[in-house]
Structure formats: C-alpha cells, structure tokens
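> need a structure here:
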Amino acid sequence: LREILQVASPKILIIETGATIPPPIASTAEYHPSHKDYEPGVDGAVLSGHLAMSGATGRPKSEGFRSGCSLSAAVQLLWPHGLGLYRYAMLNAMFVRRDTADLIGLNDGLGDDGRGGKHWQPADEFECWRRSC
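Coordinates of the predicted model:
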C-alpha cells in the first residue's frame with residue numbers, strides 16, 4: 001500500500017483491518033520474502049504461504065502469523081496522503097480523500113481550514129473501533 005500511494009491518489013479506499021488490536025496501537029505485518037510462496041504447478045504467488053505461517057520470517061513462534069494492520073496503523077499511513085477514515089464496520093475501514101469528501105458533500109460543517117472555510121473531518125478511530133466491537 002505504501003508503494004501504491006507513491007504513484008496513485010485514490011479518492012476512496014476500503015481496506016480490511018485486524019479487529020484484535022485496538023487504537024491507539026499501530027501494528028502492521030510488514031512484507032518479508034518468505035511471505036511469498038509458490039504452490040506446485042501454480043504460476044501465481046500465495047501471499048500467506050506455509051513458510052510465513054510457520055514462522056519462517058524470524059518472528060517468535062509465540063507471536064504466530066499476523067496479517068494486515070490495525071485500524072490505527074491504517075489511519076497513520078493514509079492521513080498524510082489526504083485519506084481520512086469515513087466508516088468502519090465488520091473489519092472494513094473506508095477512507096475518503098479530503099477533497100473528494102468536500103466535493104460530494106460529506107462536510108459536516110465542523111472542520112476549519114484556517115482561512116474561514118469548512119472542510120470535512122475524518123471520523124474518530126477510537127469511537128469507530130468501539131462501536132464495531
């Protein structure tokens with residue numbers, strides 16, 4: 001996702017996050033070469049291959065295999081790119097680019113751009129996570 005955000009600027013992005021890690025903990029499963037595994041006779045890669053799940057990444061076995069990221073990690077990654085949290089339900093987080101939110105009328109009148117104008121403000125990640133439990 002970090003690499004994609006260097007060359008693309010999505011207006012809306014929906015990602016699946018891990019529900020067991022509450023805000024404000026920012027946790028991600030970073031890429032490791034052993035995450036990529038090939039099944040015999042299949043040309044495509046399996047992103048969570050048996051090597052990754054068996055702990056070949058060097059993580060302690062007590063941590064197990066964890067994929068994805070926490071809601072707070074997603075918020076921290078996406079807000080610098082102008083994508084704010086809009087909704088969170090059933091592990092899915094919807095992010096909307098701020099200019100798009102203003103354009104389609106999501107502005108609730110509470111945000112201030114410092115010049116007297118009003119901008120849409122992202123949802124509170126703590127409240128969204130709390131309501132989803």
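
> what kind of secondary structure is residue 22 in?
For residue 22, the secondary structure call by DSSP: H, G, I helix; E, B strand; the rest coil comes out as coil.

> Tell me, how many residues neighbour the closest residue to it other than its chain neighbours?
Excluding the flanking residues, the one nearest residue 22 by C-beta to C-beta, 6 or more residues apart in numbering is residue 129, at 5.8 Å. Placement of C-beta: from N, CA and C, glycine included. Counted with other C-beta atoms under 10 Å, the neighbours of residue 129 add up to 21.

> What of the one 3 residues further on?
Counted with other C-beta under 10 Å, the burial measure for residue 132 works out to 16 neighbours.

> Can you tell me how far it is from residue 85?
Relative to residue 85, residue 132 is positioned 12 Å away (C-beta to C-beta, to the nearest Å).

> cool, residue 1 as well?
Going from residue 1 to residue 85 by C-beta to C-beta gives 15 Å.

> so who does residue 13 touch?
Contact analysis of residue 13 by C-beta atoms under 8 Å, 6 or more residues apart in numbering lists 78, 83, 94-95.

> Tell me the buried residues in stretch 86-101?
Within stretch 86-101, the residues that qualify as buried by neighbour count (16 or more other C-beta atoms under 10 Å) are 86, 88, 93, 95-98, 100-101.

> Stretch 20-27 too?
Neighbour-count burial for stretch 20-27, counted by 16+ other C-beta under 10 Å, picks out 21, 23.

> Just the residues contacting it, thanks.
Counting by C-beta under 8 Å, 6+ apart, residues outside stretch 20-27 touching it are 18, 66, 69-73, 75-76, 125-126, 129.

> if we go to 7 Å?
The contact list for stretch 20-27, computed with C-beta atoms under 7 Å, 6 or more residues apart in numbering, reads 69-73, 76, 125-126, 129.

> and if you look at stretch 2-11?
77, 81, 97, 100.

> give me that answer again for 6 Å
81, 97, 100 (C-beta atoms under 6 Å, 6 or more residues apart in numbering).
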